[in-house]
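no sequence on this one, just coordinates:
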């Protein structure tokens, strides 16, 4: 089954404790992206990647890192989480490099930073 | 950069009635406008999209219209059913480029029985 898998679904952590949210897709998509969803603000892009070893900032990249060492994986790293990073996070992928714009989203990760 | 505004933020309609959600965009270079539906506890899913070379597109009870001159596009759902209850996001981007996809703020649609 074609899917984007995020882990964990729920995460509670404390300020300053490094964490990683994993994202994996099994559709051989070149394009992957991370979004955060906050009430009244919709989906805002954090980082995106057009292909392996190619990443770029989205609209709200501060406090986040990403890496794309393999085509299927695109982890989101919070080196020193802060309470304002409490949010619902979504990973997405597509083959938009080849003209297919449809984004496939994971089920989300609800992060709470205390 | 592109800015997408979406209205209303919440919408409640009687089952069987129609629902309309409206979006405006700022960048005249945008030429691809998808709509995503997010059910409770799930990630958004594409339900319909339109490119700027057409003015309207329909898929069963769902239709999207685009007015390039006014930079408006709208989602129309007819004969609403309980399963239409969800959050809907519009978005705008430049088709097949490295440009970002910019989403609207979302509309929570509730269908009253």
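Nice, I can see it. If you're wondering where the values come from, they're calculated on a predicted model, not measured in any experiment. Numbers count the residues shown, from 1 in each chain, chains lettered A, B, ... in the order given.

For the rest of this, base every contact and every neighbour count on C-alpha atoms.
Will do.

moving C-terminal of the helix or strand harbouring residue A:32, what's the next helix or strand?
Element membership for residue A:32 (DSSP states H and E) is strand A:31-38. Going down the chain from strand A:31-38, the next helix or strand is strand A:42-51, by DSSP H and E.

returning to what we had before: and the strand holding residue A:32, which residues are buried?
A:31, A:32, A:33, A:34, A:35, A:36, A:37 (16 or more other C-alpha atoms under 10 Å in any protein chain shown).

In contact with the fifth one, which residues?
Spelled out, that is residue A:35. A:43, A:44, A:45, A:46, A:47, A:89, A:90, A:91, A:92 (C-alpha atoms under 8 Å, 6 or more residues apart in numbering or on different chains).

Let me see the contact set for whichever residue of chain B sits closest to chain A.
Nearest residue of chain B to chain A, counting by C-alpha to the nearest C-alpha: residue B:105, 3.7 Å away. Counting by C-alpha under 8 Å, 6+ apart, residue B:105 touches A:40, A:41, A:42, A:43, B:4, B:5, B:6, B:9, B:89.

now, which of those sits nearest residue B:60?
Distances from residue B:60 to those, taken as C-alpha to C-alpha, are shortest for residue B:89 (19.0 Å).

partners of the residue of chain A found nearest chain B in the sheet?
Nearest residue of chain A to chain B: residue A:42, at 3.7 Å (C-alpha to the nearest C-alpha). Beta bridges link residue A:42 to residue A:38 when assigned by DSSP bridges.

does it really touch residue B:107, like I thought?
No. Applying C-alpha atoms under 8 Å as the test, residue A:42 and residue B:107 come out as separate, 9.1 Å apart.

Touching both of these two, which residues are there?
residue B:89.

For the regular element (helix or strand) spanning residue B:33, give me every contacting residue.
Assessed by DSSP H and E, residue B:33 sits inside strand B:32-38. Identification of contacts with strand B:32-38 by C-alpha under 8 Å, 6+ apart yields B:44-52, B:73, B:75, B:86-95.

residues in contact with the helix or strand of chain B with the lowest mean pLDDT?
Between all helices and strands in chain B, the lowest mean by mean pLDDT, DSSP states H and E belongs to strand B:102-103, at a mean of 92. Contact with strand B:102-103 is made by A:42, A:43, A:44, A:45, B:2, B:3, B:4, B:89, B:90, B:91, B:92, B:93, as judged by C-alpha under 8 Å, 6+ apart.

Identify the residue nearest the second one in space, chain neighbours excluded?
This points to residue A:43. Leaving out its chain neighbours, the residue that sits closest to residue A:43 by C-alpha to C-alpha, 6 or more residues apart in numbering or on different chains is residue A:37, at 4.7 Å.
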